[in-house]
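S.K.: one predicted model, sequence on top.
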Amino acid sequence: MGKAFSSIGKYVRLSRIMPDGRAVIFAFDHGVEHGPSDFPPDFMDPRVIIEKVVSAGVDGIMMLPGIARLTYDIWTGRVTLIVKVTSKTNLRPEEDRFVQSVFGFVEDAIALGADAVAATVYWGSPYEDVMLERWFTIRNVADSLGLPCLQLAYPRGPHIKNMYDVEIVKYGARAAAESGADLIKTYYTGSEETFAEVVKAASGVPVLMSGGPRVEKAVDFLKVVKNVMNAGAKGVVVGRNIFQHKNPKGMAKAIMAIVHEGKEPNEVIKYVEQV
Ligand code: FBP
């Protein structure tokens, strides 16, 4: 008996995203998640920032369907595409921000030529039930079409005091693995030791660290990237620490050199300093 076509498709796509088993993905869904105020004025046009980051050689870009349509001619054939099909705005009342809405379909991702589909689950949210229903609908269709599913496994809810606490992040990562994620994107827990626990809880499903708010000194962010790789992460998904930096291409190159070549932050900071 041969393998199902869909299991081969998933393997093929994952190996495009993670050519050596590791990946640096540029996260670029902030225009909806945070609003245009997240972008420095020079990067309001998505085409400008995407060209810079793609030219740094990142492995993929994660974006919403509409931005993929506006920029496809830039990244086609150069990086992989991960289409995120859930989102929310910060224009909502605060109490409604613990749920993401449908922002597209797996079929849209396929139609756009995606290598994977992504969706957020806020573990611990009062809307966990509805988010899981969406997650499993997405996963079901994607699985049958051989499309890997990246889960943004974010513990978040009114009663979660510290969403970066290792016990909480670990729980989310484990729940993501148990809900069939092919790739897990989650928060940094503050140290190599604690992040190693998160990786362990994910039980072999590749864990990618979510970049988070811009860190003032580039080298400090690069140290975080190094820590998570030492902890067994398979890469990172970074938005603001690239596009809010004055040298996004340099930042992306430096992150790539740590993730793929095992370089040290003080060796690669030179990329950031070259403008
Ligand atoms: P960053 O590297 O900028 O943190 O991007 C990762 C990400 O998950 C984005 O995909 C998303 O837009 C944003 O963070 C959500 O941030 P939050 O919900 O924590 O404000």
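M.R.: Nice, I can see it. Numbering: from 1, shown residues only.

S.K.: chain neighbours aside, what residue packs nearest to Ala153?
M.R.: Nearest non-adjacent residue to Ala153, counting by C-beta to C-beta, 6 or more residues apart in numbering: Ala176, 3.6 Å away. To be clear about C-beta, it is placed using only N, CA and C from the backbone, and glycine gets the same treatment.

S.K.: correct me if wrong: the one you found contacts Leu208.
M.R.: No: counting by C-beta atoms under 8 Å, Ala176 does not reach Leu208; the two are 11.1 Å apart.

S.K.: neighbour count winner among these two?
M.R.: More crowded of Ala176 and Leu208, by other C-beta atoms under 10 Å: Ala176, with 28 against 25.

S.K.: in the stretch 151-275 of the chain, what spans have low per-residue confidence?
M.R.: By pLDDT under 70, the low-scoring segments of the stretch 151-275 of the chain are 275.

S.K.: which stretches of it form strands?
M.R.: 183-186, 207-210, 235-238 (DSSP state E, counting those that start in this stretch).

S.K.: skip the chain neighbours and tell me the closest residue to Asp38.
M.R.: Asp38 sits nearest to His30 (C-beta to C-beta, 6+ apart), 4.4 Å away.

S.K.: what about the one you found, neighbour count?
M.R.: A count of nearby residues for His30, using other C-beta under 10 Å, gives 18.

S.K.: contact partners for it?
M.R.: Going by C-beta atoms under 8 Å, 6 or more residues apart in numbering, His30 touches Asp38, Phe39, Gly239, Arg240, Phe243.

S.K.: all helices for this structure, in order.
M.R.: 5-17, 30-33, 46-55, 65-75, 106-111, 128-145, 166-178, 192-201, 218-230, 240-243, 248-261, 265-273 (DSSP state H).

S.K.: next one: the closest residue to Gly262 other than its chain neighbours from Met209, what distance?
M.R.: Nearest residue to Gly262, sequence neighbours excluded (C-beta to C-beta, 6+ apart): Met229, at 7.4 Å. Per C-beta to C-beta, to the nearest Å, Met229 is found 9 Å from Met209.

S.K.: between those two, which contacts overlap?
M.R.: Common neighbours of Met229 and Met209 (C-beta under 8 Å, 6+ apart) are Gly235.

S.K.: these two: who's more crowded?
M.R.: The residue with more neighbours, out of Met229 and Met209, is Met209; 26 against 20, by other C-beta under 10 Å.

S.K.: need the contact list for the one residue in the chain that gets nearest to the ligand.
M.R.: Nearest residue of the chain to the ligand (C-beta to the nearest ligand atom) works out as Gly211 at 2.5 Å. By C-beta under 8 Å, 6+ apart, the residues touching Gly211 are Ala27, Phe221, Val236, Val237, Val238, Gly239, Arg240, Asn241, Ile242.

S.K.: can we see that at 6 Å?
M.R.: Taking C-beta atoms under 6 Å, 6 or more residues apart in numbering, we find Gly211 in contact with Val238, Gly239, Asn241.

S.K.: the residues you listed: which ones sit near the ligand?
M.R.: Contacts with the ligand are made by Val238, Gly239, Asn241 out of the contacts of Gly211, judged by C-beta under 6 Å from any ligand atom.

S.K.: who in the stretch 1-150 of the chain is up against the ligand?
M.R.: Ala27, Asp29, His30, Glu33.

S.K.: need the residues you listed in CSV with pLDDT, can you?
M.R.: Putting those into CSV (pLDDT from 0 to 100) gives the following:
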residue, pLDDT
Ala27, 98
Asp29, 98
His30, 98
Glu33, 97
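
S.K.: ok, and the most crowded of these?
M.R.: When neighbours are counted by other C-beta under 10 Å, Ala27 leads these with 26 neighbours.
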